[in-house]
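Asker: Model the following, please.
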Amino acid sequence: MTVNQRRGRVLLSGLLLLSLILRVGWGMVQQAEPDVRLGDQFEYLQVGRNLLHDHQLRFYDDRFGQWVYAYRTPGYPFLIAACGGNVRVVRLVQAIIDTSTVLAIYLLARRFMGQGGALVAGAVVAFNPFLIYFSGLVLSETLFTSMLAWGLYLLVTRLGWGIVLLALATLVRPSALGLAVVLAAAVGWARGWPVVLRNAGLSILAVVVVLFPWAWRNGHHPVLKSWIWTATNEGITTYDGFHEGATGASDQKPFLQEMRTLLLHMDEVERDAFFAERAHTWIRTHPIRSIQLMGNKIARTWSPFPLSTEYGSRRLYVFIGLCYSLPFYIMILLGIWKPGLAASVKVLLLIPAIYFTGIHALSVGSLRYRIPFEPPMAVLVGSWASGALGILHGPSRRKLG
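Answerer: This is a model prediction of the structure:
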C-alpha cells in the first residue's frame, strides 16, 4: 500500500466518523416524538408500530375515519418495526444508514477517478445539510437515498446485486420502479443494444418479483380485494398537483375539506381511483395551466433553500441552503462540462435527477424530493475537483464496463 493510499484511508475513515457524529448528534437533539409539521412521519410510525405489535400493515386515517391498508408501501415501515417502533432508535439507525451513503458514493466515485476526487465526492455527501436534516426525520428519504447510492455502485461492480437492490428500493419508494429499469439499461449502454435490453429485462423481472408478494397480499386482503402493486396514495397525490387550486406545492386540506362528505362514503381503493380520474380530467381540460404547474414543481424541487411555510421563513435554513446548494449546482455543471469522465458515466449519474424531476413535475414539487438524487451528482463534483484542484492520484477507470 502506497503512502497516498494509506493517507486516503485515514481521511476516508475520519470523514465517515465525522459524518456519523453529525448525524447522531442531530438526531439526538430532536424531540422524542416527530415534528408535527411533517405529518407523513406519523403515518409511517403508525404503520411500523402496528406491524410490530399487531402484525398488520395499516394505520388509521383521521381524515376519513378509516383504517387504510395500502396507503404506504411496506419497505420503510419494516425498518421502523425492526427498530422496535422507537423514534430515537430509528434516528440512530438512519444516522448509520446515511453515513453508509457517504461510503457508497466514495466507492462509486473511486471507480471513475482517483482517490482525491472520490474523497471530495464523499465529503460533499457527508456535509450535505439536507441529508443530515432528513436523517433525523421518520421519513423514507434516508433509507431510499442509501439504497439508490449502493444500487448505483453495485450496478457498476456486481450488476445482479445492483438490480436486486434497486428493485427492493421500490418497496420504499414505489415511484422508483421505472428508475430501476432505466439505470440497469444505462449501465449496459456502452456495450450495445443486446446488453441494454438484457439488463432492462432482468430489472423488470426483479421489480415484478419484488412487488408480487405485496400485490398478492393486497389482492387477497379482506378489505382491499384489489391487486395494488404500489400504493393507494397515488391518485390523491396526482390530484394534489393538478386541480383548480393547485400551486405546485402540496396542500390537500382545502379540497379534502370541500369533498369530505363524498369521500367518507368511499374506501381507500375507490378514493385512489376517484382522485386519479379527477386529476387526469383536469389535465386534459387545462393543458396550458398544467404545463405552468409542472414548471412550478420543477422550480420547487430544485430550489436551493426550503420553500415550505414552516421552514422557508427561517433565515438560518435559507442561508444554509444557499451556502450549500449554489456552489453544489455550479460544481455539478463544471463536472458535466469537464472532460475526463465518459459521457455514459455522466448520464448514469444524472439519470436519477432527470427521472425524479419528471416524476414530481407530474405530482407535487418539494426540495424533499431532491434528496435522493443529490449524492450521485456529488461524483460529478469530485470529477471536477480532481482536475481543477490538482488532487488526481491513483488508478481509476473513466468508463462503464
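Asker: Check the gap between the most centrally placed residue in the chain and Leu341 for me.
Answerer: Central residue of the chain (CA atoms, centre = their mean): Pro372, 3.6 Å from the mean position. According to CB to CB, to the nearest Å, Pro372 stands 21 Å off from Leu341. (Each C-beta comes from the backbone N, C-alpha and C, glycine too.)
Asker: what's the answer for Tyr329, then?
Answerer: On the measure of CB to CB, Tyr329 and Leu341 end up 18 Å apart.
Asker: Of these two, which one has the most company?
Answerer: Leu341 (27 against 14; other CB atoms under 10 Å).
Asker: Model confidence score at that one, please.
Answerer: Predicted confidence (pLDDT) at Leu341: the value is 90.
Asker: How about the one 3 residues further on?
Answerer: Ser344 is assigned a predicted lDDT (pLDDT) of 93.
Asker: got it, and Tyr311?
Answerer: 56.
Asker: can you check Val3 too?
Answerer: For Val3, the predicted pLDDT is 72.
Asker: Number of residues surrounding it?
Answerer: Counted with other CB under 10 Å, Val3 comes out at 7.
Asker: is it true that Leu211 touches Val172?
Answerer: No. Contact status for Leu211 versus Val172: not in contact, 11.9 Å apart, counting by CB atoms under 8 Å.
Asker: What is the end-to-end distance of stretch 67-76?
Answerer: 19 Å (CA to CA, to the nearest Å).
Asker: Mind listing residues that contact that stretch?
Answerer: 43-44, 47-48, 51, 56-61, 139-140, 143-144, 168-174, 214, 218, 221, 223-224, 228, 230-233, 268-269 (CB atoms under 8 Å, 6 or more residues apart in numbering).
Asker: Now with 6 Å, please.
Answerer: Residues outside stretch 67-76 that contact it (CB atoms under 6 Å, 6 or more residues apart in numbering) are 44, 47, 57-58, 60-61, 140, 143, 171-172, 174, 218, 221, 223-224, 228, 231-233, 268.
Asker: any idea how far it is from the chain center?
Answerer: Offset of stretch 67-76 from its chain centre (CA atoms, centre = their mean, to the nearest Å): 17 Å.
Asker: cool, stretch 220-228 as well?
Answerer: The answer for stretch 220-228 is 27 Å, by CA atoms, centre = their mean.
Asker: what about that stretch, start to end distance?
Answerer: 10 Å.
Asker: Now Ala361: closest residue in space, sequence neighbours ignored.
Answerer: Leaving aside its sequence neighbours, Ala361 sits nearest to Met294 (CB to CB, 6 or more residues apart in numbering; 4.2 Å).
Asker: From Ala246, how far out is the one you found?
Answerer: 11 Å.
Asker: How much space separates Tyr153 from Leu108?
Answerer: 4 Å.
Asker: Spell out the residue ranges of the strands in this structure.
Answerer: Along the chain, counting by DSSP state E, strands occupy 59-61, 66-68.
Asker: who's in contact with Leu211?
Answerer: Contacts of Leu211 by CB under 6 Å, 6+ apart are Trp229.
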